[in-house]
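> got a structure for you, letters missing:
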């Protein structure tokens, strides 16, 4: 390679590693240029577990590059509103965002698979599918249409089914319930007579208090506790069948990603994996104490009845069929996810489930 | 800082970042010296999921440092035998190893908590405890006595209970069963009349075939399939109550760790987290197909009966009490783990368990 050509290529960030081991310092300087990015989170700082994933990622990237690759974290609303984070990546306003893919089902329902779909994969299965089941390949093929390259970046685990002002014991009890629930799950709920409402986080509490709405789903104990729903809607249902393992992603503008030196691509990929496992661990560590405090403050735990769960599954399958008939991307990814899920639960029912089952019963019987 | 002092400190690898942003290239050169390490795995290359965690870690470290920090991976036996990996770290033969902490319960039973203990934490709970429940702080305080600094580096998920030549339906059936099972779980088993045997991986199959032993536990479908146990001991029991979420660690010699530049410490920590989440995802993605093939080849799945599980729990608690009475380190970590486990299952029984329970039943009923 001629020197002129080398410099030109290096300027485009594509010459990483060419001189590795030959000329030490210049090679490192080429590999580690000063890069400053912005990541806009879809979440406020107050939801520190989920918001914190961006900080964990950015810190790891900065430390690994001796501060040469800096990613500044912005909370929802500081650059763009939380639900416009992906658009800001698509149009290059920011280099990346941390978001829930399913916020964008209004653009295309296929976005749901990046986070969670009704009766979909649990958290560990999501990671297995993303990393080693072809999931990220399929999703990134789809995201590419919006100039997005995605890396998994956290999981909440199975969410709760939300807060209800009154008990709902049967499918009939769901008729006319005004519930704050969005996107794909809202479509399923509406088949059962629920009236889905789109309400921003900060407005949910007063709406529940006044009775403008009857129910609201949010995340799980650690996050729900911050919003105080137990005071105005005491019945806390589970499980959140529409998000059995809700995954977050870092969405990166494809042109910005492509221009990144190889070293930085690797650092960012690894840092995202750290944020992924760290966020799940943090939720798992924080949820138990929050649950205890919520129950102590009056929250009444209620499982969705078998009748309700079965009706929700049936309605979900109708929505899947209707959407698949209209959308080839959706159909393709739904079929891949479904096949993977079938295999996963075949296995999880054996060792994992029987182990948890025994421990749960032994703990409840005070035998542990 | 005077130049002489700066150079001296930099030579010891402690001056990382001092010049950051002030003098670009020299600062990077100081931060990224050439470092070559060796990691000895406790596992053979043939167990590629678990062995592969070292490769995943080493590749991420090399890529993040433009090849300046190289960690060469050695399989069990290439430098030291698999069960002497920790000793090789303690005495500085190698800088690090990838191993299961519970291999070293012969030195001190406290080592068990790094991997898994009977009726302990499941895989997600292990990570929650390690990263955000004080687990790694406690373990590293203990490991320090052996010059070891540990980073979590993988999990198998809940393991299977092993392969038996005959069915065991009751505790009485366990009397006199010669079972290949090691360490802490072997102690528990012996309370129930089982005769624990220590046999290396390659010798298990012929021992089972000849009837020298009656049973053997290994890992789970993906690894067990490679050894062909289904041909000579068809009853495949679950769950492996002695390893509900068996964790692996990278053990690092503390002096080598302390001497590492700050940048490399960060890179290695993040790379270990990648290996951690990646190994679990790989096992979760590979186990279902392996399980199907094993069942197709004659493996007969059997759950341990409730009577057996309860007897094993009771025996485990006796071993915990006996060991705690003799060993303050063990007692301290056992109490911390137990308290954490109680809280975790309080929470996991709500959303996680009820979600999995519904999905498992729906799949079995062909309703998904």
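Yep, that arrived. As the structure is a prediction and not an experimental result, all values here were calculated from the model.

> Buried residues, stretch A:93-110. List them.
Buried positions in stretch A:93-110, judged by neighbour count with 16 or more other CB atoms under 10 Å in any protein chain shown: A:93-105, A:109-110. Glycine gets a C-beta too; all of them are placed from N, C-alpha and C.

> can you give me the mean pLDDT across that stretch?
Confidence over stretch A:93-110, taken as the mean pLDDT, stands at 97.

> Next: stretch A:339-349.
Average pLDDT, stretch A:339-349: 98.

> chain center to that stretch, what's the gap?
Stretch A:339-349 sits 21 Å away from the centroid of its parent chain (CA atoms, centre = their mean, to the nearest Å).

> That one: which residues count as buried?
A:340, A:341, A:343, A:344, A:345, A:346, A:347, A:348, A:349.

> which of the residues you listed are close to chain B?
Restricting those to those near chain B by CB under 8 Å from any CB of the partner chain leaves A:341, A:343, A:344, A:345, A:346, A:347, A:348, A:349.

> tell me which parts of the stretch 101-250 of chain A are close to chain B?
A:119, A:122-125, A:127-133, A:157-161, A:220-221, A:238-241, A:244.

> Among these, which ones are in strands?
Here DSSP state E is the test, and these give residue A:238 as lying in strands.

> thinking again about what came up before, wait, which of the buried residues of stretch A:93-110 is closest to residue B:149?
In terms of CB to CB, no member of these lies closer to residue B:149 than residue A:98, at 30.4 Å.

> Contact partners for the nearest residue to residue A:277 once chain neighbours are set aside?
If the residues on either side of it in the chain are set aside, residue A:277 comes closest to residue B:277, at 4.2 Å by CB to CB, 6 or more residues apart in numbering or on different chains. With contacts defined as CB atoms under 8 Å, 6 or more residues apart in numbering or on different chains, residue B:277 is in contact with A:127, A:131, A:273, A:276, A:277.

> For those, work out which two are farthest apart.
Of all pairs drawn from these, the one with the largest separation by CB to CB is A:131 and A:277; the distance is 11.2 Å.

> didn't residue A:240 look like it was pressed against residue A:163?
No. Taking CB atoms under 8 Å as the definition, residue A:240 is not a contact partner of residue A:163, at 11.5 Å.

> list the residues that contact both of these two?
For the pair residue A:240 and residue A:163, residues contacting each of them under the criterion CB under 8 Å, 6+ apart are residue A:217.

> In terms of neighbours, single out the busier of the two.
Set side by side, residue A:240 and residue A:163 show unequal neighbour counts under other CB atoms under 10 Å in any protein chain shown, the larger going to residue A:163 at 29 against 26.

> So what sits opposite the more buried one in the bridge?
The residues paired with residue A:163 through beta bridges, assigned by DSSP bridges, are residue A:216, residue A:236.

> Show the contacting residues for it.
When contacts are counted by CB under 8 Å, 6+ apart, residue A:163 is found next to A:208, A:215-218, A:224, A:229-230, A:232-237.

> what about 10 Å?
Contacts of residue A:163 were listed using CB atoms under 10 Å, 6 or more residues apart in numbering or on different chains, and they are A:179-180, A:204-205, A:208, A:214-218, A:224, A:227-237, A:294, A:299.

> so of those residues, which ones are in strands?
Using DSSP E, A:179, A:180, A:215, A:216, A:235, A:236, A:237 are the members of those that sit in strands.

> Please identify every residue contacting each of residue A:131 and residue A:277.
Both residue A:131 and residue A:277 are in contact with A:152, B:274, B:277, B:278, B:280, B:281, where contact means CB under 10 Å, 6+ apart.

> secondary structure element for the fifth one?
Meaning residue B:280. Taking DSSP states H and E as the criterion, residue B:280 maps to helix B:262-296.

> That helix vs helix A:262-296, what angle?
Between the axis of helix B:262-296 and that of helix A:262-296 there is an angle of 70 degrees, by axes from the mean of the first three to the mean of the last three CA atoms, to 10 degrees.

> tell me the mean pLDDT for helix B:262-296?
What helix B:262-296 shows for mean pLDDT is 98.

> Any buried residues in whichever helix or strand comes after that helix, and which?
Scanning the chain past helix B:262-296 towards its C-terminal end, the next helix or strand to appear is strand B:300-303 (assignment: DSSP H and E). Residues of strand B:300-303 classed as buried under the neighbour-count rule (16+ other CB under 10 Å) are B:302, B:303.

> What about residue A:329, how many residues nearby?
Around residue A:329 there are 17 other residues, counting by other CB under 10 Å.

> packing partners for the helix or strand containing it?
Counting by DSSP H and E, the element that carries residue A:329 is helix A:328-348. Packing contacts for helix A:328-348, counted by 3 or more CB pairs under 10 Å, 6 or more residues apart in numbering or on different chains; DSSP states H and E, involve helix A:123-132, helix A:135-143, helix A:306-326, helix A:351-364, helix B:262-296, helix B:351-364.

> Present those helices as CSV; the columns should include distance to residue B:139.
Rendered in CSV, the data for the helices and strands packed on helix A:328-348 read as follows (distance: least, CB to CB, whole Å):
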stretch, distance to residue B:139
helix A:123-132, 23
helix A:135-143, 32
helix A:306-326, 40
helix A:351-364, 21
helix B:262-296, 14
helix B:351-364, 25
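
> can you tell me which of those comes nearest to residue A:190?
Ranking the helices and strands packed on helix A:328-348 by distance to residue A:190, with CB to CB as the measure, places helix A:306-326 first at 8.7 Å.

> residues of the closest one that come out buried?
Neighbour counts using 16+ other CB under 10 Å place A:308, A:309, A:310, A:311, A:312, A:313, A:315, A:316, A:319, A:320, A:323, A:324 of helix A:306-326 among the buried residues.

> same check, this time on stretch A:167-184
Neighbour-count burial for stretch A:167-184 [16+ other CB under 10 Å]: A:168, A:171, A:174, A:177, A:178, A:179, A:180, A:181, A:182, A:183, A:184.

> How about the contacts made by the second one?
To tie it back to what came earlier, the one meant is residue A:171. Counting by CB under 10 Å, 6+ apart, residue A:171 makes contact with A:192, A:193, A:305, A:307, A:308, A:310, A:311, A:312, A:315.

> As CSV, those residues with pLDDT would be great.
Compiled in CSV, the contacts of residue A:171 are given as follows (pLDDT from 0 to 100):
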residue, pLDDT
A:192, 96
A:193, 97
A:305, 98
A:307, 97
A:308, 98
A:310, 98
A:311, 97
A:312, 97
A:315, 97
